[in-house]
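>>> Have a look at this prediction, sequence included:
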Amino acid sequence: MLRHPLLAATGLAVLLPVACKRGPAPSSGGPRGTESAAASAASADSTTADSVVLERLPGFTRWPGYRVSVARTGRIAFRVLEPGDSARSVRDSIPPARAAALLDAGPRAGVGTLPEIIRENVELCGLAATDHGTAVVTLFYRGRRATVSDYLGCRDAVPALRAYEAAIDSVAGTERWTPR
């Protein structure tokens, strides 16, 4: 029996931003209605990712692996993970709102709730094909990080995670820098 709720999720639903209005944070003590701005910012920082990194590690393919990071500020950094190919490092930027929407979609795709290594979970991977690459997604928060290693030989193990990996590539525009 499949137990993880994201197994039934569709990939497209993960990427739809939800507009919500955040009201004032409840006071945790002190005079009624007052909360220190520093305490409020610290709690938001620990639950809001400030960047995401996607590493595509190749299997037996002719394409090199790469690492792309997207910061909440919109900064993008791309680097080919091919030995001796240090010249292929690129920086770019996107609108901060687009980067923030991408980062906020990560937890909904399972980053932080899925096992760190999907291949080791029979429920999520089952019988795997060989010689495929791996996608490693890491969300960085203040003081912690959440990582999921997705072996692509686990066919459609978690559709929401696969859609999120594709969204990172799409938003960052990695196709500009990868040979196909």
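Yes, it's here. Numbering: from 1, shown residues only.

>>> Lowest-scoring secondary structure element of this protein by mean pLDDT?
helix 11-14 (a mean of 35; mean pLDDT, DSSP states H and E).

>>> Output the contacting helices and strands for the helix or strand that contains Val171.
Val171 is part of helix 159-172, with elements assigned from DSSP states H and E. Counting contacts by 3 or more Cβ pairs under 8 Å, 6 or more residues apart in numbering; DSSP states H and E, helix 159-172 packs against helix 11-14, strand 51-57, strand 66-71, helix 96-105, strand 134-141, strand 144-151. Every residue, glycine included, has its C-beta placed from N, CA and C.

>>> List just the one of the ones you listed that sits closest to Glu165.
strand 134-141 (4.7 Å; Cβ to Cβ).

>>> Low-confidence regions, the chain specifically.
Scanning the chain for pLDDT under 70 picks out the ranges 1-46, 61-62, 83-87, 156, 179-180.

>>> so Arg108 sits in a helix?
Yes. Counting by DSSP: H, G, I helix; E, B strand; the rest coil, Arg108 is found in a helix.

>>> In this structure it contacts Ala160, no?
Yes. Arg108 lies in contact with Ala160 (Cβ atoms under 8 Å); the separation is 7.2 Å.
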